[in-house]
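Participant: Predicted structure and sequence below. I'll ask about it afterward.
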Amino acid sequence: MLNLGNEPIHITVPGSPGDPRGANTNLPGVRIHHAPALHADDLTVVDGVPVTSISRTLVDLAEILPRDELREVFAEARAKGLLDMDAVEASYGRVEWRPSLRMLREVMDEFAA
């Protein structure tokens, strides 16, 4: 598990931040991200809580981690038997354009071999 120390908990919710029906987004220690609804394959349930799949999490981490740390997370997932490169490839294909996509692709290519 990635330990971000004193970083806030990041939660992604479907919808727009401007939607007046949205929940209170001013929660201490929580950073809420709004995004289009995720594909069913990018979601899973752990102990009754919906969370992003390993593959989607790896794709999303490329936005906040430098290349070396992203490689470490990929390596840790592989060592634990959790790295499914086909699933990562599919999650990668479903995300919108992001500045991190080029770096993510390079890391993915390293682990695809």
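Facilitator: Nice, I can see it.
Participant: for the chain, what spans make up the helices?
Facilitator: Under the criterion DSSP state H, helices of the chain are mapped to 54-61, 67-79, 85-94, 101-112.
Participant: want to throw those helices into JSON lines with distance to His39 and mean neighbour count?
Facilitator: Bear in mind the C-beta positions are built from the backbone N, C-alpha and C, glycine included. Shown next, in JSON lines, are the helices of the chain (distance: least, C-beta to C-beta, whole Å; neighbours: other C-beta atoms under 10 Å):
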{"stretch": "helix 54-61", "distance to His39": "8", "mean neighbour count": "22"}
{"stretch": "helix 67-79", "distance to His39": "19", "mean neighbour count": "14"}
{"stretch": "helix 85-94", "distance to His39": "5", "mean neighbour count": "16"}
{"stretch": "helix 101-112", "distance to His39": "17", "mean neighbour count": "15"}
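Participant: would TSV of the ones you listed with mean pLDDT and distance to Gly29 be doable?
Facilitator: Formatted as TSV, these follow (pLDDT from 0 to 100; distance: least, C-beta to C-beta, whole Å):
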stretch	mean pLDDT	distance to Gly29
helix 54-61	96	19
helix 67-79	97	22
helix 85-94	96	27
helix 101-112	96	27
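Participant: how about the closest residue to Phe111 other than its chain neighbours, what does it touch?
Facilitator: Nearest residue to Phe111, sequence neighbours excluded (C-beta to C-beta, 6 or more residues apart in numbering): Phe74, at 5.1 Å. Contact analysis of Phe74 by C-beta atoms under 8 Å, 6 or more residues apart in numbering lists Leu58, Leu83, Val107, Met108, Glu110, Phe111.
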